[in-house]
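one predicted model, sequence on top.
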Amino acid sequence: MMPFPGGLEALPNGTLIAAVAAAVLYLLLLSRHPTWLRTIVKTLPAVLLAVLAGIVGGPLLLALGLAFSAAGDALLSREDDRLFQPGVLCFLVAQVVYAVLFYQVGGGAGLLTAEWLRLGVAVVMTVSTLFMLVLLMIYVPASMRPLIFVYVFAILAMGLAALTLDSLWVIAGALLFVFSDTVLAIEKFLMPAINPLRDLMRYVVWITYVLAQLGITLGFVAP
């Protein structure tokens with residue numbers, strides 16, 4: 001069953017399927033040397049989800065967050081140290097945009113203390129994120145610390161804002177985003193350069209990232 005009215009021929013359904021297909025295709029290219037084809041394929045899922053948001057009349061901020069995510073995907077796909085900080089900056093903007101969107105439509109910060117489950121998730125996420133921040137400030141090169149510092153607080157704000165919504169799709173997507181970025185940070189900054197787990201972690205990062213974007217998008221645009 002398709003998430004939107006109509007069958008495969010319906011434009012929203014076709015766009016969603018194309019985004020998922022591109023994400024799966026990138027799994028086959030992930031371990032290969034960076035090429036422009038690999039960059040295009042990596043960028044397509046977020047681009048197509050942004051298009052989907054536009055097609056079905058989703059929030060402008062959702063499409064904007066996906067667009068900045070796509071830009072970040074493109075930059076980070078080149079695996080060039082000179083493009084890493086611009087790529088992180090794109091995702092920083094995406095996290096801020098998502099946080100603003102979630103706060104606008106959410107039930108307010110009071111929900112985090114009104115319900116024990118939300119409060120528990122918020123506390124665990126905050127403590128674990130701040131612990132990761134301390135580690136990163138030790139191991140990240142000094143030139144990158146300001147950007148990483150701000151980014152960590154941006155994604156924490158995004159995750160906490162998501163907990164003020166009633167959509168389980170969005171909450172799950174936000175938590176997966178935090179998890180994906182945590183695994184990425186461990187793989188890039190905290191693990192030895194030669195470690196057999198690094199390749200596996202890159203697959204985990206991509207799969208959880210794509211599921212995060214899908215969850216956030218469908219939480220706002222699915223009927």
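Structure received.

hey, which helix or strand in the chain has the poorest pLDDT?
Ranked by mean pLDDT, DSSP states H and E, the weakest helix or strand in the chain is helix 111-114, scoring a mean of 84.

just give the closest residue to the spatially most central residue of the chain, not the sequence neighbours.
The centroid of the chain falls nearest to residue 177 when counting by Cα atoms, centre = their mean (4.3 Å). Distances taken as Cβ to Cβ, 6 or more residues apart in numbering put residue 212 closest to residue 177, at 3.9 Å, once the chain neighbours are dropped. In short, each C-beta sits where N, CA and C put it, glycine included.

check which helix or strand that neighbour maps to.
helix 197-221 (DSSP states H and E).

kindly report the same for residue 107.
Short version, using DSSP H and E: residue 107 is in no helix or strand.

quick check: it touching residue 164?
Yes: using Cβ atoms under 8 Å, residue 107 is in contact with residue 164, at 5.1 Å.

of those two, which one has the most company?
residue 164 (20 against 14; other Cβ atoms under 10 Å).

ok now do the closest residue in space to that one that isn't next to it in sequence, which residues does it touch?
Spatial nearest neighbour of residue 164, excluding adjacent residues (Cβ to Cβ, 6+ apart): residue 106 at 3.2 Å. Contact partners of residue 106, counting by Cβ atoms under 8 Å, 6 or more residues apart in numbering, are 161-162, 164-165.

how about a cut-off of 7 Å?
Listed by Cβ atoms under 7 Å, 6 or more residues apart in numbering, the contact set of residue 106 reads 161, 164-165.

now do the phi/psi pair for it.
Main-chain dihedrals, residue 106, degrees, to the nearest 10: phi -80, psi 180.

to what extent is residue 136 buried, counted in neighbours?
With other Cβ under 10 Å as criterion, residue 136 counts 20.

name the helices or strands packed onto the helix or strand hosting residue 118?
For residue 118, the host element (DSSP H and E) is helix 116-139. Other helices and strands packing on helix 116-139, by 3 or more Cβ pairs under 7 Å, 6 or more residues apart in numbering; DSSP states H and E, are helix 111-114, helix 145-162, helix 168-185.

any idea of the angle the last one forms with helix 197-221?
Think helix 168-185. Orientation of helix 168-185 against helix 197-221 (axes from the mean of the first three to the mean of the last three Cα atoms, to 10 degrees) gives an angle of 160 degrees.

what residues does helix 168-185 touch?
So helix 168-185 is contacted by 125, 129, 132, 136, 155, 158-159, 162-163, 165, 201, 204-205, 208-209, 211-216, 218-220 (Cβ under 7 Å, 6+ apart).

buried stuff in it?
The neighbour-count check on helix 168-185 (16 or more other Cβ atoms under 10 Å) flags 169-185 as buried.

now the second one
Neighbour-count burial for helix 145-162, counted by 16+ other Cβ under 10 Å, picks out 147-148, 151-152, 154-162.

pick the one among those closest to residue 56.
Of all the buried residues of helix 145-162, residue 56 sits closest to residue 162, with 20.4 Å by Cβ to Cβ.

with adjacent residues omitted, what lies nearest to that closest one?
Using Cβ to Cβ, 6+ apart, the nearest residue to residue 162 is residue 174, at 3.3 Å.

I appreciate the help and will end here.
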